[in-house]
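**Student:** pasting the structure only:
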Ligand SMILES: Cc1ncc(C[n+]2csc(CCOP(=O)(O)OP(=O)(O)O)c2C)c(N)n1
Ligand SMILES: Cc1ncc(C[n+]2csc(CCOP(=O)(O)OP(=O)(O)O)c2C)c(N)n1
Ligand SMILES: [Mg+2]
Ligand SMILES: [Mg+2]
């Protein structure tokens, strides 16, 4: 039985935006998976279905000048932060029109123009780098805030410890959003930690932590908004642990033998999109028809993006040799 | 005013052993410093005066088959674990008779025959490696325990996080002894951590922590003994944070401008050797003359060691090229 | 070291295995033989899981139990550190690094600890560990396709091997496990013989692997193709591309010798020197980037030791000096293709 | 890139500075000029502290404040990561690594992040950071004396420089700060000009450093000594030993040219090629270990591009392939001494 989330105080437009943003990610991922199975997309995929409330809730609480860092599983973060569906899709196809010109790919989606670094596919790599974003904002006394997405598995990396402690000591304007989807690849968190929550780990840095229902987009948005305010007041970073679940396998071809179908079913009951949809209709913020319209829009947007990507040119092979350096050094001539 | 430590229940022999072990380290360090200033010793020194109660208390709680790991500041650990004064001194001189044959030096003192790895001078490096000692004991089901010395500064390294968490999850037989001497080089701990104690940092690993007076050798010994018992019972690792102070500078030539002379004086009042000496005489475990005898013995041992080191041969230069590999590969012939 | 060495002729029934199967078998045999051998890494033994990032360990937990197939948190420093420490205590750990790109997370443990502990102890200790680290680009972008072998030939105290077929892979993993020094074993993802990687250039590769116990000695190269006009030294996927380029040139009447060095540190220079003495021409080919790659060291050795055998400048063909792009068309513009190797050979012979 | 370049003749009053002073001045000038420049590292600005491990930053906190001289916990990954992130946001961080041996603690941030972010972004971002990392053995043993320059010439996306005198040091640190790419600046501890290191072979080195604003371009070598019979390319302490060896050979009637490459990536090959074309003989000398050192790459380039200029095999002299021992007699048996360089030159000329 799906329970609606609490939408008290939410306006109709706001509610439909949240719904649309989440649905866009879900449909993008589903569509991308089909395309991958058809052999249209090279490489591999780490998909985001199930976790949409985290990306959308978090990014909806940010301003356009706030930057995010992301992970090997960045599709949801990218779309939520405003990377266009066209440029994300084209990047997955490895096309010249992709957001990284075909040099990044699925694991490195990003776009500086919307405040997203190329995603970092080294687990916890973004935690290292985000300190510098916060430090830059602090030194320049802007009111920007940096937001760092990572998984519960990343909290076992040394980078987590060094990065969070440094940010705490420096009172950097950073919001850490840990998406605890229980598994790091095949490994359940409880086999890698004697404490149940990642939130337990930051008291040692003097950093506050908040646990939030990661299947409730409104709750995530509220938690991030509060942490952002705190950061902007100069009070330093906050960790938000969003309890969530990835509906798909870790990457393409994962048969998910390490978890039960019952567990999966229980989490599907908490589907963030359905919970918001139900809340919208129950609270009279919108009708079934409104939701269907959103779906139709999103589908149209996606088909346009697929078409765009398919018809985009491949990158010029000669471009493979540019962009390693900002000030060119002759490749092959210099050492 | 120096306060004696509590020696209730301590026997005379035991008390004098603890006294001798600490005094040997103190006098070794003082003597070595003179020799260094005279230009007899190459390289640099990180000295241990002030922290003797930690090394001695900890090592006295260990069995001969328990191994320790050490740091850039290893002289005290080495002597406490049983590295001979002769072989330690010769190693500082860079002589062939040194405990590492002149290949290790001040920062890498160690001796497998007494259960001490070459000290690791990369801050927190020993924390990485000690996991493997504990794992070996666990896999082989011996009742050995590994003990890892490190400074409070090392608790800011990623290795601390990864190592302690791994050991906790695996319930490895390890005792972590953090010597919190307040400073990491010139940097006071409170500038690098919002929490006052390193002990605050391990709850996130589900690991118990104990804070102990690091200027009380008996208290340190008791805490380590208890942690070792726990480890032998298969209950996993413990962190012991010993509050202590290095009386000398960080390394040779440190003018200690980053701390006050008042602070230094206050800590000298807690001198572990004097506190034990006073306890021995007040409790009637020994007389002033007994203590003077110990000093005389230690001094004789030291002069013998200096003589030994001075008269020992330099290593054969050809030996510089051996020992990189166990199974030799032709150096210069192979790539 | 012997100057040439060939895969032995098949005795008895042929038994063709993929590299994945060969390594699994080699590890299993050594775990059977020696109770000190154990595996440690991320996702190596989780029930219902992957058996390591490339399925190499599937079935091993059932045989050897979770005491000896140790799943860890995502903590590369902890993995490498635990391996170093256990090796120092006399065990024989096989730490697993999913992708060799993650070796950069535990460089201190490898370069400053594993490589130096024996020396610092004055030869009293040793560090017999075997780090497994898959390499090779496969449409996954800049952080999941590097070939970092060459960093490690620069670390005195560490041995580096790079097997490219199932026969050698089994023999050398066994040799590495029995070796008393730290060995890093680099395998190429596209040579595992797993299905589904054809699109990225993966090869459906098998070789005869005899049932009897054997090792391939660390430090011994294999002449994969005999020739008289030029010598190519290449590893991994590039080796197969070089062999194909050699065939291409054979059709043009040129006879190319192709050597798989297998071991990069120590390196079987004798085999290369002997070949260059005969052919007078040397092309070195690797997927690792050009500048500072192992090919530079080999070229430098030949330029010092066999200059007078050379009839033409030593050439190298390698990945261009850029990070790895993800788009297939860009990727193939970076790594050495059969085409580029053939072109380089033609220049070498011009 | 110009083929030869010399320290300019002294104009006006001579002003001799140590490398320490020159780098301090260069950093201060750039901090003055550009508010985006800041320093970050361990023990860099603590009041009453050391001003960095080698005193380079003494006085800077008083001038620029603790906002721009940032003391950190002992957390190399945090330091490097913060530098990468701040650089991506347009600032110009100078992270400090006390000893280059500790770079192995933040290899991921350097190799996987700093070097690749620009490329992965399709050229939309850049990472203008300057990592300072002192090198060189000085009786401190295996973990405090390495010369890891060569690892980094193998990282596409990173630039590597190695100044050896005060004039160049100031010019190149300023060039590095103004450069839009990540640059690692390796300086040699025994060349800082600080007292008290004579026992370990330290040199009391100063050079004229003009007051006016200048940069030494990254990628330009300097011919330190003109000669006709052989070319030596050497850096850091080994450069001075090579110059001494050249004097030694001058007494034997041999004329040796000595080149300081200064920049290892990019590398001023033109200057070396032009020299080798004249002398026909090349010796490469560095304190980094031999196998896989930057000398291998230079040798390979010459063997490919200037083979026909060579009148003798290219030789290399470098630290032997072992970790660093601590005993002075062992240490000097490992690193290239003046004696070994002179001997190698004699072999080169034989
Ligand atoms: C340093 C590093 N180690 C290992 C990996 C391989 N890897 C990729 S994703 C992953 C699991 C990450 O788990 P988590 O942080 O929980 O994120 P999730 O996949 O659940 O989103 C692993 C082990 C990696 N990319 N980087
Ligand atoms: C990875 C690393 N970073 C930095 C250093 C330089 N360093 C040597 S000792 C030291 C301070 C260590 O402080 P702490 O751990 O408290 O030990 P203490 O010196 O107080 O015994 C530093 C920064 C190092 N050796 N290794
Ligand atoms: Mg997860
Ligand atoms: Mg300390």
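**Tutor:** Received it, and whenever you're ready, just let me know what you need. Computed from a prediction, not measured in an experiment: that's the story for all the values here. Ligands and ions are numbered 1, 2, ... in the order given.
**Student:** contacting residues for whichever residue of the stretch 151-300 of chain C sits closest to ligand 2?
**Tutor:** Going by Cβ to the nearest ligand atom, ligand 2 is nearest to residue C:155 of the stretch 151-300 of chain C, at 17.3 Å. Every residue, glycine included, has its C-beta placed from N, CA and C. By Cβ atoms under 8 Å, 6 or more residues apart in numbering or on different chains, residue C:155 lies in contact with C:110-111, C:115.
**Student:** now do the same for it: helix, strand or coil?
**Tutor:** Secondary structure state of residue C:155, per DSSP: H, G, I helix; E, B strand; the rest coil, is coil.
**Student:** what do you get for residue A:235?
**Tutor:** Judged by three-state DSSP, the three-state class of residue A:235 is coil.
**Student:** quickly find the element holding the residue nearest to it when sequence neighbours are not counted.
**Tutor:** Of all residues not flanking residue A:235 in the chain, residue A:171 sits nearest, at 6.7 Å (Cβ to Cβ, 6 or more residues apart in numbering or on different chains). Assessed by DSSP states H and E, residue A:171 sits outside every helix and strand.
**Student:** what parts of the stretch 1-150 of chain C come near chain B?
**Tutor:** Residues of the stretch 1-150 of chain C lying near chain B by Cβ under 8 Å from any Cβ of the partner chain: C:38, C:40, C:67-68, C:70, C:72-73, C:75-78, C:80-91, C:93, C:108-109, C:112-113, C:117-126, C:128.
**Student:** surely residue A:242 forms part of a helix?
**Tutor:** No. Checked against three-state DSSP, residue A:242 lies outside a helix; its state is strand.
**Student:** neighbours of the closest residue to it other than its chain neighbours, how many?
**Tutor:** In this structure, residue A:242 finds its nearest non-sequential neighbour in residue A:214, 3.2 Å apart by Cβ to Cβ, 6+ apart. Using other Cβ atoms under 10 Å in any protein chain shown, residue A:214 has 29 other residues around it.
**Student:** got the residues of chain C near ligand 1?
**Tutor:** Contact residues, chain C versus ligand 1 (Cβ under 6 Å from any ligand atom): C:42, C:74, C:76, C:98, C:102, C:105.
**Student:** export those residues as JSON lines, with columns for secondary structure.
**Tutor:** Converted to JSON lines, the residues of chain C next to ligand 1 look like this (three-state DSSP):
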{"residue": "C:42", "secondary structure": "coil"}
{"residue": "C:74", "secondary structure": "coil"}
{"residue": "C:76", "secondary structure": "helix"}
{"residue": "C:98", "secondary structure": "coil"}
{"residue": "C:102", "secondary structure": "helix"}
{"residue": "C:105", "secondary structure": "helix"}
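**Student:** what about chain A: which of these touch it?
**Tutor:** Among those, chain A is touched by C:42, C:74, C:76, C:102, C:105 when using Cβ under 8 Å from any Cβ.
**Student:** just those now: which is nearest chain D?
**Tutor:** Closest approach between those and chain D, by Cβ to the nearest Cβ: residue C:105, at 5.0 Å.
**Student:** tell me which residues form a beta bridge with whichever residue of chain A sits closest to ligand 1?
**Tutor:** Using Cβ to the nearest ligand atom, the point where chain A gets nearest to ligand 1 is residue A:151, with a distance of 2.3 Å. In this entry, residue A:151 is beta-bridged to residue A:179, by DSSP bridges.
**Student:** that one: neighbour count?
**Tutor:** 26.
**Student:** could you do the one 4 residues further on as well?
**Tutor:** By other Cβ under 10 Å, the residues close to residue A:155 number 34.
**Student:** state the pLDDT value of whichever residue of the stretch 201-350 of chain C sits closest to chain D.
**Tutor:** In the stretch 201-350 of chain C, the residue that lies nearest chain D is residue C:292 (3.2 Å; Cβ to the nearest Cβ). Predicted confidence (pLDDT) for residue C:292: 98.
**Student:** around it, how many other residues sit close by?
**Tutor:** Residue C:292: 31 neighbours (other Cβ under 10 Å).
**Student:** got the contact list for the closest residue to it other than its chain neighbours?
**Tutor:** Excluding its sequence neighbours, the residue lying closest to residue C:292 (Cβ to Cβ, 6+ apart) is residue D:154, at 3.2 Å. Residues near residue D:154 by Cβ under 8 Å, 6+ apart: C:150-151, C:289, C:291-293.
**Student:** now residue A:12
**Tutor:** Shown in contact with residue A:12 (Cβ under 8 Å, 6+ apart): A:285-286.
**Student:** roughly how far apart are the residue nearest in space to the middle of chain C and ligand 1?
**Tutor:** Central residue of chain C (Cα atoms, centre = their mean): residue C:162, 1.4 Å from the mean position. Look at residue C:162 and ligand 1: by Cβ to the nearest ligand atom, to the nearest Å, they are 21 Å apart.
**Student:** contact partners for that residue?
**Tutor:** By Cβ under 8 Å, 6+ apart, residue C:162 lies in contact with C:149, C:185-188, C:235-236, C:261-264.
**Student:** can you list contacts of the host helix or strand of residue A:80?
**Tutor:** Using DSSP H and E, residue A:80 maps to helix A:75-81. Here helix A:75-81 makes contact (Cβ under 8 Å, 6+ apart) with A:21, A:24-25, A:28-29, A:32, A:47-48, A:51-52, A:54-56, A:58-60, A:62, A:68, A:70-71, A:85, A:88, A:99, A:106, A:109-111, A:114-116, A:119, A:149.
**Student:** partner residues bridging residue A:116?
**Tutor:** What pairs with residue A:116, by the bridge criterion (DSSP bridges), is residue A:68, residue A:111.
**Student:** how many residues are close by it?
**Tutor:** 25.
**Student:** what's the answer for residue C:137, then?
**Tutor:** By other Cβ under 10 Å, neighbour count at residue C:137 equals 26.
**Student:** ok, residue C:170 next?
**Tutor:** Residue C:170: 27 surrounding residues under other Cβ under 10 Å.
**Student:** do the same with the one 3 residues further on
**Tutor:** When neighbours are counted by other Cβ under 10 Å, residue C:173 registers 30.
**Student:** which non-adjacent residue is nearest it?
**Tutor:** Once flanking residues are discounted, residue C:173 sits nearest to residue C:26: 4.1 Å by Cβ to Cβ, 6+ apart.
**Student:** buried ones in the helix or strand that that neighbour is a member of?
**Tutor:** Using DSSP H and E, residue C:26 maps to helix C:19-33. By neighbour count, with 16 or more other Cβ atoms under 10 Å in any protein chain shown as the criterion, the buried positions of helix C:19-33 are C:19-31.
**Student:** just the pLDDT for the residue of the stretch 151-300 of chain C found nearest ligand 1.
**Tutor:** As assessed by Cβ to the nearest ligand atom, ligand 1 sits closest to residue C:189 within the stretch 151-300 of chain C, at 13.4 Å. In this model, residue C:189 is scored at 96, pLDDT.
**Student:** same question for residue A:102.
**Tutor:** pLDDT for residue A:102: 98.
**Student:** verify the stated contact: it with residue A:87.
**Tutor:** No. Using Cβ atoms under 8 Å as the test, residue A:102 is too far from residue A:87 to be in contact (10.9 Å).
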